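**Student:** Give me coordinates for this.
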Amino acid sequence: MTSECVLNPGSTLRPILLVEDSDMDLDFCLQAFEEHAVANPVLVCRDGEEAKAFIDAHGDSSDPCFPLLVLLDLRLPKIDGIDVLRHARKQPNWQLVPVIVMTTSSDNCDIKAAYQEGANSYILKPVDFIRFAEVVSHIKVYWILSNEAPFGPQGGG
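**Tutor:** Residues are numbered from 1 along each chain as shown. Sure, this is the predicted structure:
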């Protein structure tokens, strides 16, 4: 399976890359993006192998699929999120892409490993939609609307 655009496919804004294997968490995230009018396209990779292939295929910041930010789960099939993050940070342009780890793990070893490998933020996934939508609202306000990203115009929504 390869990445697919699941939200706002016609947008010219930089996409958000969502690396998530859970159908429920993917649905929560996409519903929350819609609820908060996130205009950026959302590309989805469903496992770590897909995510690494995506990183390898889209390493040029002029590529329209080169992401504004990445939302990365840690517990992924095939290759875990820490290995995906480590791989991304070895690529020159990907060193600058904000990576937000969104996971159910509150294990201090996971938190430490994520930051050591270059995560920009570590968020525990809420289990109910209302709290999940609040987290997405904060991500939108900070990472999409307020933060100055290193690669061209990208804000949306």
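**Student:** For the closest residue to Arg86 other than its chain neighbours, grab phi and psi.
**Tutor:** Once flanking residues are discounted, Arg86 sits nearest to Glu117: 4.9 Å by CB to CB, 6 or more residues apart in numbering. From N, CA and C alone the C-beta is placed, and that goes for glycine too. Dihedral pair for Glu117: phi -90, psi 0, per degrees, to the nearest 10.
**Student:** State the pLDDT value of Glu117.
**Tutor:** On pLDDT, Glu117 comes in at 97.
**Student:** doesn't Ile82 make contact with it?
**Tutor:** Yes - the pair Glu117 / Ile82 is scored as a contact, 5.9 Å apart, by CB atoms under 8 Å.
**Student:** So Lys125 sits against Thr103, correct?
**Tutor:** Yes - at 6.2 Å, Lys125 counts as touching Thr103 under the criterion of CB under 8 Å.
**Student:** ok, these two, which is more surrounded?
**Tutor:** More neighbours surround Thr103 than the other of Lys125 and Thr103, with 21 against 18 (other CB atoms under 10 Å).
**Student:** Thank you kindly, that will do.
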